[in-house]
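> The amino acid sequence is not available; the structure is as follows:
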Ligand SMILES: NC(=O)c1ccc[n+]([C@@H]2O[C@H](COP(=O)([O-])OP(=O)(O)OC[C@H]3O[C@@H](n4cnc5c(N)ncnc54)[C@H](OP(=O)(O)O)[C@@H]3O)[C@@H](O)[C@H]2O)c1
């Protein structure tokens with residue numbers, strides 16, 4: 001299959017401070033792309049990376065808080081000025097969730113949607129005009145397996161990632177005639193700081209408290225069979241460079257197997273499998 005390195009390789013990559021985004025920033029830079037990554041506290045990230053790796057990162061890091069619309073606009077303008085244009089937009093930054101719908105503050109749910117959905121949507125809006133004018137561009141959005149396989153206590157997260165997938169699938173038809181590709185990556189579990197960052201939301205006296213406990217076990221983060229940030233970064237690179245990449249890209253053995261098997265399962269069968277898995281974790285409440 002012929003791989004094409006797109007001629008202009010100016011990348012805006014959100015969430016470049018850790019996990020998938022950090023690995024992608026190093027990988028893309030090493031392949032000759034000019035990368036501007038974003039983080040909420042770029043100075044602290046620069047210091048940490050310099051300390052840990054013995055040298056400052058070979059890519060720029062600018063401030064962007066996706067929960068703040070003004071910060072998204074300002075961060076994009078700064079990145080565009082630095083790069084001279086954005087050819088490749090990678091909407092990687094995202095926030096997880098662990099809490100029942102009843103216990104979760106609606107303001108927190110809105111914030112989660114700003115970070116996981118409205119922020120990426122705004123960046124697509126900002127990046128599209130100049131990509132369209134150049135007749136080329138690539139947008140890679142980080143979705144998740146949760147678009148197809150939903151878990152309890154992550155309702156808003158599932159909804160926000162499903163929204164991003166639906167948005168991406170529609171947007172690609174709009175942008176395709178102008179030479180702009182849109183891809184959505186759908187990983188299963190990835191080894192990263194993502195799970196450590198989760199702060200369980202449990203109201204005092206919550207009936208969900210005991211049921212949430214099994215979901216606090218992130219021991220899978222040390223399972224070498226689960227892809228890490230570097231593995232996902234390689235899939236991002238492939239999506240960027242290979243025009244034949246599919247629009248939806250399952251990432252990791254777990255997600256690939258699920259999407260394959262999913263075709264042959266009714267929702268009832270899928271429910272029974274998931275409930276059996278949840279029961280093994282200690283949450284066996286029947287539907
Ligand atoms: N890990 C998984 O199992 C998994 C599975 C499927 C999909 N994903 C998706 O993959 C993407 C990357 O996750 P990861 O595993 O690499 O997790 P991670 O290590 O926690 O990285 C998350 C990144 O998002 C940034 N971020 C968080 N909140 C933000 C905000 N309000 N504004 C701007 N940036 C923000 C963080 O930057 P700062 O905190 O420095 O600002 C960080 O760079 C996410 O979209 C996630 O939903 C992850």
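Structure received. Small disclaimer: the values here were computed from a predicted structure and weren't measured. Numbers count the residues shown, from 1 in each chain.
> When you work out contacts or count neighbours from here on, use the C-alpha atoms and nothing else.
OK.
> quick one, strands of the stretch 51-200 of the chain?
Using DSSP state E, counting those that start in this stretch, the strands found in the stretch 51-200 of the chain span residues 60-63, 88-91, 137-142, 180-187.
> Redo these as CSV? Include mean neighbour count.
Below are the strands of the stretch 51-200 of the chain laid out as CSV (neighbours: other CA atoms under 10 Å):
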stretch, mean neighbour count
strand 60-63, 22
strand 88-91, 25
strand 137-142, 26
strand 180-187, 24
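> Kindly provide the distance from residue 154 to the ligand.
The spacing between residue 154 and the ligand, counted by CA to the nearest ligand atom, to the nearest Å, is 11 Å.
> same check, this time on residue 262
18 Å.
> got it, and residue 10?
19 Å.
> Next, format the strands of the stretch 51-200 of the chain as CSV and append mean pLDDT.
Shown next, in CSV, are the strands of the stretch 51-200 of the chain (pLDDT from 0 to 100):
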stretch, mean pLDDT
strand 60-63, 98
strand 88-91, 98
strand 137-142, 98
strand 180-187, 98
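> Format these as TSV; extra columns: distance to the ligand.
Shown next, in TSV, are these (distance: least, CA to the nearest ligand atom, whole Å):
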stretch	distance to the ligand
strand 60-63	8
strand 88-91	7
strand 137-142	5
strand 180-187	5
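> Need the residue in this protein that's farthest from the chain's center.
residue 205 (33.2 Å; CA atoms, centre = their mean).
> For it, pull up the helix or strand it's in.
Taking DSSP states H and E as the definition, one finds residue 205 inside no helix or strand.
> do you know how far it is from residue 103?
Counting by CA to CA, to the nearest Å, the gap from residue 205 to residue 103 is 10 Å.
> what residue ranges in the stretch 101-250 of the chain score low on pLDDT?
Along the stretch 101-250 of the chain, no part satisfies pLDDT under 70.
> Tell me the residues of it that contact the ligand?
Residues of the stretch 101-250 of the chain lying near the ligand by CA under 6 Å from any ligand atom: 115, 142-144, 187-194.
> if we go to 5 Å?
Residues of the stretch 101-250 of the chain lying near the ligand by CA under 5 Å from any ligand atom: 144, 187, 189-190, 192-194.
> filter the residues you listed to the buried ones?
Those of those that meet the buried threshold are 144, 187, 189-190, 192, 194, by 16 or more other CA atoms under 10 Å.
> how about the residues you listed, which pair is most distant?
Farthest pair in those (CA to CA) is 144 and 192. Separation: 14.2 Å.
> Quick check: the gap between residue 246 and residue 283.
Taken as CA to CA, the span from residue 246 to residue 283 is 36 Å.
> Which one of the two is surrounded by more residues?
A count of neighbours by other CA atoms under 10 Å puts residue 283 above the other of residue 246 and residue 283, at 18 against 14.
> and the residue lying closest to that one once chain neighbours are set aside, helix, strand or coil?
The shortest distance from residue 283 to any non-neighbouring residue, by CA to CA, 6 or more residues apart in numbering, is to residue 211 (5.8 Å). Here residue 211 is helix, with the state taken from DSSP: H, G, I helix; E, B strand; the rest coil.
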